[in-house]
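Participant: Sequence and predicted structure below; questions after.
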Amino acid sequence: MNLLFPTSTESKDHIQARLMSWTAGFILIYAISLTLAPAARLHSWNIAYRWTHWPAVLVWIVGFALLHRQTRKYTPDRDPYLLPIMALLSGWGLLTIWRLTPDFGIRQTLWLIVCQALFWFGLKIPNLIQELRHYKYLSLSGILLLIALTLIFGAYPGGFGPRLWLGCCGIYFQPAEALKLLMVVYLAAYLSERQATTIGLLQILTPAFLLVGSSITLLAVQRDLGTASLLIILFTLIVYLATGKRRVLLISAGLLSVAGLIGYQLFDVIRVRVEAWLNPWLDASGRSYQIVQSLLAFASGGFLGSGPGLGSPSVVPIAHSDFIFAAIGEESGLLGGVGLLLLLSILTLRGLKTAIRAANAYQRLLAGGITTYLISQSILIIGGNLRLLPLTGVTLPFVSYGGSSLLISFLSLLILLRISNDTQDQPSPLRHPEPYWTTAALLLTGLFALTLLQGWWSIIRSPALATRPDNPRRIIADRYVLRGQLLDRNNQVLAYTEGQPGNYLRRVTTSAVAPVIGYHNATYGQSGAEFGFDGYLRGLQGTPTSLVWYYSLLFSQPPPGLDVRLSLELNLQQQATQLLEGQTGALVLLNANTGEILAMASSPSFDPNQIEQQWPTWLNDQRAPLLNRAVQGLYPPGQALIPFLLADQLSRADLPNRPLALSYSLQGQLFECSQPLDTSATWNEILRFGCPTAALRLSEGKTSQDFRSLYEQIGFSQMPALPLPSSPPTQPDKNALPTLSALGQDGLRITPLQMALAASALNQQGNRPAPRLGLAVNTPTQGWIVFSNQQPQPSLPANGIVRTLPLLAANGLPIWEISANALGDEQQPIAWYLSGVQPSWQGTPLTLVIVLEDARPLQAAQLGHQFWQSLLSMQP
Amino acid sequence: MSGILILVLRILLAVCLYGFLIWAMLTIWHELRAHTQLIHPQHTPTLHLAILEGAPAQEKELALPEIILGRDPNSHFALNNETVSARHARISFHHNQWWVEDLHTTNGTYLNDQRIEAATVLVNGDELRCGQVVLSIGINP
């Protein structure tokens, strides 16, 4: 490093050389990390490394090595901290811009060459500071003219935006940037000339006030309100430094708030920004999108940061310019952010020290003004990033992307360095010492508040922000980290991830599983089991905390996902789906003993592999293919209540007399059996074919309250605990007559799964099982871990059930069954088919429920029989 | 592996950043300390004062940062002569030098027969006159 940054016996050269070496170390390591980052991101060495930023590193090193030599030669008495701070900030910014947008990186590198060259020549000009003083009016009016010109010829280099730039042929310049520095030069020259006179403050300030006021108006017309407010702050602090009158601060604070209030009323931009600042969470995806994304970046950075190239700071809008500190906060963490703020603190102290020791009043005010300008602009924009202040579109000096900003920052520091070279042991007398340390205290307090706030967002609020659904980092991680597979009970793959790291895509093996599995998509989110088991599939649940932490520390990624085994059986699921083809409805097949869901079909359905192409079609489809009717469809029970009414009746008394009539008419609506029966039908048939009169006969004497407690008993008022998005339970209408309740039309609506669970209780001596979809998860440390099962709930009394099932026995199959009508909200017919194996059956105790919309129960029963035949043939 | 390598680089990155900051702050602190030491020397060399004429002979070795000469008997070095003011001259050590200044006296203070108006540096062998009292200055190297 001594070769690049030679030292000498002078202690100043030694300090500067050492600091430049640390800086060069920082920049080189940053560049190396950036090159290797894709390897960590993809967990492989066989990848395309990032090399493009190395020419910029070379430019940086050569440029600053030359500047280091040049400062030793021409400014032997300079402050040795200024050049290294500038080098570190501009190098850090340059690499961050390269990391975010390489196209902007090229431009910024070219601008850096221009800036370094100007700095190099600027060190050689003998009377630079005095020259500036002579041309203050000329240059200032020139810049004001240019700003006025932007009103007419203004352009926005990036396309559509505020037209604050002048330029052509690909090179753009923002005159407002130069205005800030020239305003400082003008005020320093003007105020230092009039310091000695004894005329009143107001008389001194009037001309300056008019000039500054007109520039601010010009900027306000242009909507460049960040620069306008910065000018007000600068004017105040420089006048304060010159006069030592504290009321200047108070008056200006008052003026600024009045201007803010007026601006709030007049300008939409201000209103939007102030509202986004006061309450960003209200409209996080709209008006306060930028600030919320910025805070999410800090939160995901945490203490250490993700590491260069390992975060996702580019999801923050305009991260290369306005939000570059958010990008640094994400990739370098609190540690890096605080380091940057400490650099600015050192710059504050050295700048003001230069001011105090300056040779004359003009140089003193100039040095003080430049320090105030650089630091207050930094506080303004970092404060905007951290939600300390409303967002102002100013740049972070030295760091942000932008040629004009970089150029003016370099020139400001050149002036400061030149003044520091002229400082004397016996400086000109300081008439008002107080403003200097008050200003230092103000700026340092501001920087300190920023460190505290970054700590708040990066550490304390980090966990809450990291899990927000609008944090795009989860979706980005999905592209890089293998998501766990979803398997059926025989370990057949149902859903898997394919592709290469960086382009992972979620697929299902067959669209038959869609209603249960749902989808997992970057744009459209998640549903079904993909949603329900997301924690495991993402590896955040079931993985030891230390491993989660390890992956987060090393890769800024969640650990690899865990496979989850479901209770579904792929073969049965496919059969069930085929069965429902062309129908609208749902099918649930349960193991009545364990509550395991063996098949759950819903029709019409969708193919998750087609989500990108078909999403709008599905959303607009009247038949709602995305709905899983088995758990989200709500249907009135209708006469499918009969088995439960029957079991309830038989648990307390004997079977009443068979009703004489079969159909029943209520309020002009005819209720009928599920199949045409003649008057000689047996009790068994009347029950099995869900005749309305049977339900009425079994409900004789029942009150509304009796029905409510029956619903409670058979689980119709509870939501089955299942990790699938499900419809919440409903209640019967308050004023429903018991007759309507008996007909299953009292306003209560249930899902097919609720019905299947209630029916399972009939197979299990009245114990209603808890539904079960997930069986086990494959953990990295302990292998397959079985999910714990919930206890069955007591339902109807067993003695009633024992007498019920023989009455519902089907012809020719070892099952009980009932097919029944119900009436939908729009009077459309709904067909239920409830069935289960008889207690004598030795195989798996199965329960099958089918519901069809706009269909006759006969159809449902036929589908049911078809399915049973296949089911029973597979079992002994 | 790549993650661990990057982690090491990230730690080195923080070391460089904070190395810069600590080195900067350390040197600033050194500068501050050097500055205070310049103003307040810890070690004051001894000053040899001897009356040559105008008052009873007297000799003293003083190692104080500030020495007051005058007719006042409480002075560090009392000069019993009517032409000498009560507090006549101050000899002090700062910026690594011995300095003498006149305390606005009627008869003045002379260094090697030159009347002194402002603080003046003393060297070994100087002759200092307060009123009519002549003293020799000896500074130990």
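Facilitator: All right, it came through fine.

Participant: Give me the secondary structure label for the residue of chain B found nearest chain A.
Facilitator: Chain B approaches chain A most closely through B:Gly3 (3.1 Å), counting by Cβ to the nearest Cβ. Bear in mind the C-beta positions are built from the backbone N, C-alpha and C, glycine included. Look at B:Gly3: counting by DSSP: H, G, I helix; E, B strand; the rest coil, its state is helix.

Participant: tell me the phi and psi of the closest residue to it other than its chain neighbours?
Facilitator: Nearest non-adjacent residue to B:Gly3, counting by Cβ to Cβ, 6 or more residues apart in numbering or on different chains: A:Leu554, 3.1 Å away. Per-residue torsions, A:Leu554: phi -80, psi -40 (degrees, to the nearest 10).

Participant: correct me, but A:Leu554 touches B:Met1?
Facilitator: No: using Cβ atoms under 8 Å, A:Leu554 is not in contact with B:Met1; the gap is 9.8 Å.

Participant: ok, these two, which is more surrounded?
Facilitator: Counting neighbours by other Cβ atoms under 10 Å in any protein chain shown for A:Leu554 and for B:Met1 shows that A:Leu554 has the greater number, 20 against 11.

Participant: Could you list the low-confidence segments of chain B?
Facilitator: For chain B, the stretches with pLDDT under 70 are B:39-42, B:141.

Participant: residues from it in reach of chain A?
Facilitator: B:1-7, B:9-10, B:12-14, B:16-21, B:23-25, B:27-28 (Cβ under 8 Å from any Cβ of the partner chain).

Participant: if you set the cut-off to 10 Å instead, what comes out?
Facilitator: B:1-28, B:30-31, B:34, B:38, B:95 (Cβ under 10 Å from any Cβ of the partner chain).

Participant: Filter the residues you listed down to the buried ones and hand me the ChimeraX line.
Facilitator: Remark: buried members of the residues of chain B next to chain A, expressed as a ChimeraX selection using 16 or more other Cβ atoms under 10 Å in any protein chain shown:
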select /B:2,3,5,6,7,9,10,12,13,14,16,17,18,19,20,21,23,24,27,28
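
Participant: quick one: average pLDDT of stretch A:79-88?
Facilitator: Average pLDDT, stretch A:79-88: 96.

Participant: how far is it from where the chain is centred?
Facilitator: Relative to its parent chain, stretch A:79-88 has a centroid offset of 38 Å by Cα atoms, centre = their mean, to the nearest Å.

Participant: Buried residues in it, which are they?
Facilitator: Buried, per 16+ other Cβ under 10 Å, within stretch A:79-88: A:Asp79, A:Pro80, A:Tyr81, A:Leu82, A:Leu83, A:Pro84, A:Ile85, A:Met86, A:Ala87, A:Leu88.

Participant: Out of the residues you listed, which sit inside helices?
Facilitator: Of those, the ones assigned to helices by DSSP state H are A:Leu82, A:Leu83, A:Pro84, A:Ile85, A:Met86, A:Ala87, A:Leu88.

Participant: Find residues that contact each of A:Leu554 and B:Met1.
Facilitator: Residues touching both A:Leu554 and B:Met1 (Cβ atoms under 10 Å, 6 or more residues apart in numbering or on different chains): A:Ala40, A:His43.

Participant: re earlier: the residue of chain B closest to chain A is in contact with A:Tyr550, isn't it?
Facilitator: Yes: the pair B:Gly3 / A:Tyr550 is scored as a contact, 8.5 Å apart, by Cβ atoms under 10 Å.

Participant: Helix, strand, or coil at A:Leu256?
Facilitator: Going by three-state DSSP: A:Leu256 is helix.

Participant: pLDDT score for the closest residue to chain B within the stretch 701-850 of chain A?
Facilitator: Proximity of the stretch 701-850 of chain A to chain B (Cβ to the nearest Cβ) peaks at A:Pro780, 16.4 Å away. If you check A:Pro780, the pLDDT there is 89.

Participant: ok, now which ones touch the closest residue to it other than its chain neighbours?
Facilitator: Excluding its sequence neighbours, the residue lying closest to A:Pro780 (Cβ to Cβ, 6+ apart) is A:Thr543, at 6.2 Å. The contact partners of A:Thr543, by Cβ under 10 Å, 6+ apart, come to A:535-536, A:549-551, A:558-562, A:777, A:779-781.

Participant: Next step: those restricted to helices.
Facilitator: Using DSSP H, those in helices are A:Gly535, A:Tyr536, A:Trp549, A:Tyr550, A:Tyr551.

Participant: Which one (most neighbours) among those?
Facilitator: A:Tyr536 (24 neighbours).

Participant: and it, what does it touch?
Facilitator: Contact analysis of A:Tyr536 by Cβ under 10 Å, 6+ apart lists A:483-484, A:486, A:542-543, A:561-564, A:723, A:774, A:777-779, A:787.

Participant: Filter the residues you listed down to the buried ones.
Facilitator: A:483-484, A:486, A:542-543, A:561-564, A:723, A:774, A:777-779, A:787.

Participant: Closest to B:Ala118 out of those?
Facilitator: Each of these was scored against B:Ala118 by Cβ to Cβ, and A:Thr543 proved nearest at 79.6 Å.

Participant: So for the closest one, what's the pLDDT?
Facilitator: In this model, A:Thr543 carries a pLDDT of 91.

Participant: what do you get for A:Leu823?
Facilitator: 89.

Participant: Near chain B, list only the ones from the ones in helices among the buried residues of stretch A:79-88.
Facilitator: A:Pro84, A:Ile85, A:Leu88.

Participant: Tell me the residue of chain A that sits nearest chain B?
Facilitator: Closest point on chain A to chain B, by Cβ to the nearest Cβ, is A:Leu554, at 3.1 Å.

Participant: now for the helix or strand hosting A:Leu67, which elements pack on it?
Facilitator: A:Leu67 is part of helix A:54-74 when elements are defined by DSSP states H and E. In terms of contacts (3 or more Cβ pairs under 10 Å, 6 or more residues apart in numbering or on different chains; DSSP states H and E), helix A:54-74 is packed against helix A:11-42, helix A:82-100, helix A:102-122, helix A:403-421.

Participant: at 7 Å instead, please
Facilitator: helix A:11-42, helix A:82-100, helix A:102-122 (3 or more Cβ pairs under 7 Å, 6 or more residues apart in numbering or on different chains; DSSP states H and E).

Participant: Return the alpha-carbon coordinates of that helix using PDB.
Facilitator: What follows is helix A:54-74, C-alpha atoms only, in PDB (Å, rounded to 0.1, in the frame of the first residue of the first chain):
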ATOM      1  CA  TRP A  54     -13.200  -4.000 -11.700                       C
ATOM      2  CA  PRO A  55     -12.300  -1.300 -14.200                       C
ATOM      3  CA  ALA A  56     -14.100   1.100 -11.800                       C
ATOM      4  CA  VAL A  57     -12.000  -0.100  -9.000                       C
ATOM      5  CA  LEU A  58      -8.900   0.500 -11.100                       C
ATOM      6  CA  VAL A  59     -10.000   4.000 -11.900                       C
ATOM      7  CA  TRP A  60     -10.700   4.700  -8.200                       C
ATOM      8  CA  ILE A  61      -7.300   3.400  -7.100                       C
ATOM      9  CA  VAL A  62      -5.200   5.100  -9.800                       C
ATOM     10  CA  GLY A  63      -7.200   8.400  -9.300                       C
ATOM     11  CA  PHE A  64      -6.800   8.500  -5.600                       C
ATOM     12  CA  ALA A  65      -3.200   7.400  -5.600                       C
ATOM     13  CA  LEU A  66      -2.500  10.400  -7.900                       C
ATOM     14  CA  LEU A  67      -4.600  12.700  -5.700                       C
ATOM     15  CA  HIS A  68      -2.800  11.600  -2.600                       C
ATOM     16  CA  ARG A  69       0.600  12.500  -4.200                       C
ATOM     17  CA  GLN A  70      -0.800  15.800  -5.500                       C
ATOM     18  CA  THR A  71      -2.100  16.800  -2.100                       C
ATOM     19  CA  ARG A  72       1.300  16.100  -0.600                       C
ATOM     20  CA  LYS A  73       3.000  18.200  -3.200                       C
ATOM     21  CA  TYR A  74       0.700  21.300  -3.300                       C
END
